[in-house]
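Visitor: after the sequence you'll find the predicted model.
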Amino acid sequence: MIRLLVLQAIGADNLGMKLSVWAKREGIGYQTAWQMFKGGKLPLPSHQLATGTIIVEDAPAGPNGAALYARVSSHDQKKDLEAQLGRLAAYAMSRRLNVVGNGI
């Protein structure tokens with residue numbers, strides 16, 4: 001199994017997202033997110049526009065990076081594991097991503 005987790009920086013021109021979009025991304029219901037906003041318990045800065053739309057600001061962007069993860073079924077496939085990590089690292093480098101970690 002090969003997985004590559006890509007962490008992309010968001011541009012500085014990002015002004016945030018609607019509360020409904022944020023709630024869906026976080027896997028919670030809109031009503032729950034709305035109650036969190038009203039109670040001042042959202043984990044990110046947020047504000048309400050004059051139209052009533054609630055905007056949640058995105059977390060500050062960090063550097064572009066990738067975490068590499070590979071695994072095999074048994075110990076005698078260790079060479080395959082090293083080859084998988086090599087392919088993942090090459091892919092990350094071709095996309096100019098920093099490798100911020102790897103997991104085996």
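Guide: Done, it's in.
Visitor: go through the longest helix anywhere in the chain and flag the buried ones.
Guide: For the chain, the helix with the greatest residue count under DSSP state H is helix 78-94. Within helix 78-94, the residues that count as buried by 16 or more other CB atoms under 10 Å are 84-85, 88-89, 92. The way it works is simple: take the backbone N, C-alpha and C, and place the C-beta from them, glycine included.
Visitor: got CSV for those, with distance to residue 36 and pLDDT too?
Guide: Shown next, in CSV, are these (distance: CB to CB, whole Å; pLDDT from 0 to 100):
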residue, distance to residue 36, pLDDT
84, 40, 86
85, 39, 84
88, 37, 84
89, 39, 84
92, 35, 80
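Visitor: for those residues, which one is nearest residue 30?
Guide: residue 92 (35.6 Å; CB to CB).
Visitor: how many neighbours does the closest residue to that closest one other than its chain neighbours have?
Guide: Computed as CB to CB, 6 or more residues apart in numbering, the closest residue to residue 92 that is not its neighbour in sequence is residue 66, at 4.3 Å. Using other CB atoms under 10 Å, residue 66 has 22 neighbouring residues.
Visitor: tell me the secondary structure for residue 66?
Guide: With DSSP: H, G, I helix; E, B strand; the rest coil as the basis, residue 66 sits in strand.
Visitor: these two touch, right, it and residue 94?
Guide: No. Using CB atoms under 8 Å, residue 66 makes no contact with residue 94, being 11.0 Å away.
Visitor: show the pLDDT at residue 17.
Guide: As predicted, residue 17 sits at a pLDDT of 90.
Visitor: give me the beta-bridge partners of it?
Guide: On the basis of DSSP bridges, residue 17 is bridged to residue 56.
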